[in-house]
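# fold the stuff below for me.
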Amino acid sequence: MLKWMSLWMVAGLLLVGCTTDDRDIIPTQAIVDPTPALTVVATAAQRAGEPTRSAASTPTVAWVAGSPGSEYDQALTGAFKGTRVSLAGSITDGDLVKFENSIQAFETSTGIDIQYSSSKDFDLTIAARVAGGSAPDIADFSQLGLLGSLAAQGRVVDLNPIIRPDFLNANYKQSWLDMATLRAPGGSIMAGVWNRVNARSLVWYPKKEFDLAGYAVPATWDELLRLMEQIKQNGGTPWCVGIESDAASGWVAADWVADILLRSTSARNYDRWVAGDLKFSSPEVTNALQYLAEIWLGSGNVYGGRQAIAATSFLDAPKPMFEKPNRCWLHRQDSFITLVFPKDARMGVDYDFFYLPPMDAAFGRPLLVSGDIYAMFNDRPEVRAVMQWFATANSVEGWVRVGGAISPHNDARLEWYTGALERKIAEIIWNADTVRCTGSDQMPAAVGAGAFWKQMTAYVSGSVEMPAALKAIDDAWPKK
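Purely as a prediction, here's the structure:
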């Protein structure tokens, strides 16, 4: 798609997400490479503690006791030395080097050769490979909806009997397990394990000017609204927004809707919406759209006004934030957006970000996320061992330390993160009560990347009213 190509030209980096797209890049310019030595197994002292959730300001991540499974323990004794495990995905270029370096210690300690085959066409070819009987042992999915379709066909190995459930429950936030639990012909299965993730619910701002103006980072939605009014009273414009993205125009609006819906109703309702069981015209989704309209369409809230939102490229949208004087103050976007910030802009000095605040205490601190989830297609002992290892933070530690990865595991350690940006995102993920992938990425393409994006663009530009837009999206759902 054009939007993916546009950012590849900007970034020249590989992507990670619930979908393979530009929104999920973790910028590497702020990362320090300490070239650490890796360990494959935690010491007894490290594994003695139980995971605990700390205060939001200073999370402390503890090692999880126990082993993810017996094959993993056998692998560490050399039981599967000389075997090969095939792994397919879309990791390429510099990220592929980081991945291969991060698995070397495990390969050396176990004698298992993990052979990664990479393709930027992975999402287009994996279904054909699985259907044709040439599935890799493990596949690295950055599109949860694609994995869900293969699980529904009965193609994915259930991990419930393979990775100890008590280990998974201890080492992952329940939301990660919920998202990995997918429908299959015989009932729900644990279709994969999350390994490298990122946060989407981030609001960027020009820190130097923000601090000089005396503004405070909002902790609640009401505080965010008050900040907007304060900015307007001082003669400024709160938001920088742009949703133009060639054929993919509107995805930014879809992300905003997902973020607001997750904050204004329950995670169960969010999941029903993603599955098509809660209509766009429902009170819950309509309410989320009204929240969005209040922010985007309210007088003086967005730089350039309503027409500018639909006409402005998502890559150009934050640039007025860095003009002298700045033209707008806040920009909600994933961490990739720093790639289009001024080259001399420094994180924590010239810009910073905060977590998009929650709306209702009843729904806690929800967070939109993206990530890579590994699924298993061939059941052999050595494949089980690798999958069990992927359920531990040790499997991604090397990548975390050199930059470009964030672990969803409870046995990760914050001191692994050497970049301020990644460490702060890791803290936000750790302190979230509920995490979910953005809804449009999981819906049928005709809905999520079709009618949803198109109708949101039409609504924002003023060419269609909200009820008609929502009805058009509902009508696009495949008939059950």
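# centroid-wise, who is the farthest residue in the chain?
For the chain, the largest distance from the centre (C-alpha atoms, centre = their mean) belongs to A79, which lies 35.7 Å off.
# leaving out sequence neighbours, find the closest residue to S249.
Spatial nearest neighbour of S249, excluding adjacent residues (C-beta to C-beta, 6 or more residues apart in numbering): T457 at 4.9 Å. From N, CA and C alone the C-beta is placed, and that goes for glycine too.
# what do you get for F210?
W329 (6.8 Å).
# what about the one you found, how many neighbours?
Using other C-beta atoms under 10 Å, the number of residues around W329 comes to 26.
# nearest residue to the middle of the chain?
So for the chain, C-alpha atoms, centre = their mean, it's S370, sitting 1.5 Å from the centre.
# what bridges to that residue?
Legend: beta-bridge partners of S370 under DSSP bridges are N198.
# tell me the secondary structure of W204, please.
Classification of W204 using DSSP: H, G, I helix; E, B strand; the rest coil returns strand.
# so how far is Y459 from it?
Distance, W204 to Y459, by C-beta to C-beta, to the nearest Å: 25 Å.
# the two: who's more crowded?
Neighbours were tallied for W204 and for Y459 using other C-beta under 10 Å; the higher tally belongs to Y459 (25 against 22).
# the residue nearest to F210 and R384, how far apart?
Following C-beta to C-beta, the distance that separates W329 from R384 is 51 Å.
# equivalent analysis for S119, please.
In this view, S119 and R384 are 25 Å apart by C-beta to C-beta.
# surely I114 is within a strand?
Yes - according to three-state DSSP, the state of I114 is that of a strand.
# counting neighbours, what do you get for it?
22.
# same question, the one 3 residues further on
A total of 11 residues lie near S117 under the criterion other C-beta under 10 Å.
# contacting residues around it?
By C-beta atoms under 8 Å, 6 or more residues apart in numbering, the contact set of S117 is 86-89, 136.
# and those, which two are the farthest apart?
S86 and G89 (10.8 Å; C-beta to C-beta).
# ok, the residue nearest to the centre of the chain touching V197?
Yes - counting by C-beta atoms under 8 Å, V197 is a contact partner of S370 at 6.7 Å.
# domains of the protein?
The chain breaks down into these domains under automatic domain parsing: 2-199+369-437, 202-366+439-476.
# coming back round to it: which of S86 and G89 has more residues huddled nearby?
More crowded of S86 and G89, by other C-beta under 10 Å: G89, with 25 against 18.
# how much space separates the more buried one from R226?
Using C-beta to C-beta, we find G89 at a distance of 44 Å from R226.
# could you export the domains of the chain as CSV, including mean pLDDT?
Shown next, in CSV, are the domains of the chain (pLDDT from 0 to 100):
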stretch, mean pLDDT
domain 2-199+369-437, 82
domain 202-366+439-476, 97
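# can you pull out the strands in this protein?
Along the chain, counting by DSSP state E, strands occupy 84-89, 113-118, 138-141, 181-184, 187-190, 193-199, 202-205, 331-332, 352-355, 366-376, 434-437.
# including distance to A267, could the ones you listed go into CSV?
Formatted as CSV, those follow (distance: least, C-beta to C-beta, whole Å):
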stretch, distance to A267
strand 84-89, 28
strand 113-118, 33
strand 138-141, 21
strand 181-184, 13
strand 187-190, 16
strand 193-199, 16
strand 202-205, 20
strand 331-332, 20
strand 352-355, 17
strand 366-376, 7
strand 434-437, 5
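# out of those strands, flag the one nearest G398.
Smallest distance to G398 across those (C-beta to C-beta): 11.6 Å, for strand 193-199.
# other SSEs contacting the closest one?
Counting contacts by 3 or more C-beta pairs under 8 Å, 6 or more residues apart in numbering; DSSP states H and E, strand 193-199 packs against helix 174-180, strand 366-376, helix 381-390, helix 394-402, helix 420-431.
# can we see that at 6 Å?
The helices and strands touching strand 193-199, judged by 3 or more C-beta pairs under 6 Å, 6 or more residues apart in numbering; DSSP states H and E, are strand 366-376, helix 420-431.
# burial of the residue nearest to S249, as a residue count?
T457 is flanked by 24 other residues according to other C-beta under 10 Å.
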